[in-house]
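Peer 1: sharing a model prediction with you, sequence too.
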Amino acid sequence: MVLALGAALRLGGALQASDAVAINRFAFYLAVPALIISVLGKAPITDFEWGAVFAYTSTQIALYIATFALLYYVFKLEIREALLLGMAASFVNHVFFVLPIAERLVGEDAGIPMAGIVMFDAGLIFPTTVVITAVLTAREKGKANIAGMLLKNPFIYAPGLGILLGLMGDKAPSGIMTFAEFGGASAAPVLLFALGITLAGSNIRHVGSAVWAVIGVKLLIHPAIVWGLLGTVAVSQFTSDITLLVAAGPCGAMPFVIATQYGVKTDSIAKAVLISTTLSILSLAVLTA
């Protein structure tokens, strides 16, 4: 509904493409960094089943790199677009899409097996991709002061702050966590609203083979490999089921945030998010039947 409203307001003339860029800046500088701090600060590390986390994250990294290589060397996409689509092929919309479904099925305990994956994504995959994209953008524009540019990037600080709060436990200043939870809660609606504005200006009838490749990796190859690896590690059936459910989820919207911030083409990323989300409803229904 939030995504559809963003699209409807642009189609109705109330919003323009530039509005999505402005809204995305809020997400980039406040909502998403706050979400990262909140996730890392509350991660129940002692409850993780590390075998499942390893099975998932090793698959994620391998598919990220392989999809990027495919898109850059075979499909000849611009390097930053190939990088972010590679991220989209392996970065699941777990917090905003899979977690609510899992909690409705099995209760709040569904978040515990998922927390290790979310922590890895928030603390490593997303910030690293932001930094790489920022460096590539700076080089493309001929900017020499890359270090100064990175110091202004909130994703340089958010993971470390979140980990520090987590290590402090009950001794952490409650106000910082309150701020992080408050700001982070806005990330999902803000991202989806901006995504809807962008999609309203895209030709959704022409998807393209590169986007279908990303969707295929995300919805077919990713869960298949994770399913195979989970059979080789000692984890509970509950954790295995939730981990597989995450792997079968759709492309996350986070690559869209990075693309908008750094002026990378967003059409393909937006289409991958929309189509994979629609199709994943079917695959998740099969897994949860």
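Peer 2: Structure received. The model shown is predicted, which means the values in this text are computed figures rather than measured ones.

Peer 1: CA atoms for contacts and neighbours, from now on please.
Peer 2: OK.

Peer 1: my read: Ala187 touches Phe28, true?
Peer 2: No - Ala187 is beyond contact range of Phe28, at 9.1 Å (criterion: C-alpha atoms under 8 Å).

Peer 1: any weak-confidence spans in the stretch 101-250 of the chain?
Peer 2: Within the stretch 101-250 of the chain, the ranges that satisfy pLDDT under 70 run 143-145.

Peer 1: run the last query once more with 80
Peer 2: By pLDDT under 80, the low-scoring segments of the stretch 101-250 of the chain are 108, 141-152, 202-205.

Peer 1: ends of stretch 249-256, what's the gap?
Peer 2: From its first residue to its last, stretch 249-256 covers 17 Å (C-alpha to C-alpha, to the nearest Å).

Peer 1: now that stretch, how far from the chain's geometric center?
Peer 2: The chain centroid and the centroid of stretch 249-256 are separated by 4 Å, computed with C-alpha atoms, centre = their mean, to the nearest Å.

Peer 1: quick one: contacts of it?
Peer 2: Outside stretch 249-256, the residues within contact range by C-alpha atoms under 8 Å, 6 or more residues apart in numbering are 84-85, 87-94, 97-98, 126, 191-192, 195, 215, 218-219, 266, 269-270, 272-273, 276-277, 280, 284.

Peer 1: in contact with Leu195, which residues?
Peer 2: Leu195 touches Leu3, Gly6, Ala20, Phe256, Ala270, counting by C-alpha under 8 Å, 6+ apart.

Peer 1: quick check, nearest of those residues to Ala69?
Peer 2: When the contacts of Leu195 are compared for distance to Ala69 (C-alpha to C-alpha), Phe256 wins out at 19.3 Å.

Peer 1: could you measure the closest one against Leu5, distance?
Peer 2: 18 Å.

Peer 1: neighbour count for the two, which is higher?
Peer 2: Higher neighbour count among Phe256 and Leu5: Phe256, with 26 against 15, using other C-alpha atoms under 10 Å.

Peer 1: how close does Ala8 get to Pro113?
Peer 2: As judged by C-alpha to C-alpha, Ala8 and Pro113 stand 37 Å apart.

Peer 1: of the two, who's got more company?
Peer 2: Pro113 (24 against 16).

Peer 1: give me phi/psi at the closest residue to that one other than its chain neighbours?
Peer 2: In space, and not counting its chain neighbours, Pro113 is closest to Thr239: 5.4 Å by C-alpha to C-alpha, 6 or more residues apart in numbering. Note on Thr239: its backbone torsions stand at phi -60, psi -40 [degrees, to the nearest 10].

Peer 1: so Thr239 is in contact with Gly111, correct?
Peer 2: No - counting by C-alpha under 8 Å, Thr239 does not reach Gly111; the two are 9.9 Å apart.
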